[in-house]
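Colleague: next comes the sequence, and after it the predicted model I'd like to discuss.
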Amino acid sequence: MDIFANTGVFLYPLAACSFIAVFIIAERLIALRNSQIIPRAAVDAFISGQEDQIQANHKSVVGRIVGFYREHNPDPEALKAFARLEVSRMERGMFLLEVVIGAAPLLGLLGTVTGLTQVFGGFSVETGLPEPEAFITGIALALNTTIIGLAIAIPALAAHSYLLRRVESLAARISVGVECLVKDKSAVSKTSPATPAS
């Protein structure tokens, strides 16, 4: 049985939802790799207290945070705000997955209602029985759109939950790194000699 048959115009928005979900999931899985967020070398440097060995570059989130720290010498609040900005960028496109999770089942439900309308609208006045062609087409539309909508929404929901947990885990690691930079800054300010009064 061809599940995509007799889905009518609902096939196009459902296909768009499927494409958006696959694209966002693949893009976020690539973007949220450890090497793109907080490389293993950076983790080891934070643990050993050797933050000066972390390379400041634009290849990773931690590299950008360290670069901001070294170039601008910000106060702790400004550094934490910049880190929050980088974490928010890690969630880029996630709202589209939420839209797909909500829209795909609703499109399936709309297809179900439309199909049932065709079924009940195809009853013959003379016999009181449905016309076979309208009955088959309506039932196929109702069932197929529901199946496709749920088949899109369920994997998108699972991927969305996984990606959110991934972002939270990486954000926690970044937060630890930022705290190390803040402590390093306070330690340097305490050990630096006071400026003599003129």
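Modeller: Good, I have the coordinates.

Colleague: where does the chain dip in pLDDT?
Modeller: Low-confidence segments of the chain (pLDDT under 70): 1, 122-130, 184-198.

Colleague: 80 instead, please
Modeller: For the chain, applying pLDDT under 80 flags the ranges 1-8, 46-56, 119-135, 183-198.

Colleague: who's in contact with the residue lying closest to residue 6 once chain neighbours are set aside?
Modeller: Spatial nearest neighbour of residue 6, chain neighbours left out: residue 140 (3.7 Å); criterion: C-beta to C-beta, 6 or more residues apart in numbering. All C-beta atoms are positioned from the backbone trio N, CA, C, and that covers glycine. Contact analysis of residue 140 by C-beta atoms under 8 Å, 6 or more residues apart in numbering lists 5, 6, 115.

Colleague: so what's the first one up against?
Modeller: Shown in contact with residue 5 (C-beta under 8 Å, 6+ apart): 140, 144.

Colleague: part of a strand, is it?
Modeller: No: counting by DSSP: H, G, I helix; E, B strand; the rest coil, residue 5 is not found in a strand; it is coil.

Colleague: against residue 102, how distant is it?
Modeller: Noted for residue 5: a distance of 26 Å to residue 102, by C-beta to C-beta, to the nearest Å.

Colleague: try residue 71
Modeller: 42 Å.

Colleague: more crowded one of those two?
Modeller: Neighbour count, other C-beta atoms under 10 Å: between residue 71 and residue 102, residue 102 has more, with 14 against 9.

Colleague: the more buried one sits in which helix or strand?
Modeller: helix 94-121 (DSSP states H and E).

Colleague: packing partners for that helix?
Modeller: Packing partners of helix 94-121 (3 or more C-beta pairs under 8 Å, 6 or more residues apart in numbering; DSSP states H and E): helix 11-31, helix 132-191.

Colleague: span of stretch 33-41 from start to end?
Modeller: 14 Å (C-alpha to C-alpha, to the nearest Å).

Colleague: what's in contact with that stretch?
Modeller: Taking C-beta under 8 Å, 6+ apart as the rule, stretch 33-41 contacts 30, 53, 54, 59, 60, 61, 62, 90, 170, 173, 174, 177.

Colleague: what's near enough to touch the closest residue in space to the last one that isn't next to it in sequence?
Modeller: Read that as residue 177. Nearest residue to residue 177, sequence neighbours excluded (C-beta to C-beta, 6+ apart): residue 46, at 4.9 Å. By C-beta under 8 Å, 6+ apart, the contact set of residue 46 is 54, 176, 177, 180.

Colleague: what does stretch 59-68 contact?
Modeller: Under the criterion C-beta under 8 Å, 6+ apart, residues 35-39, 42, 51, 54-58, 74, 79, 82-83, 86-87, 89-90, 170, 174, 177-178, 181 lie in contact with stretch 59-68.
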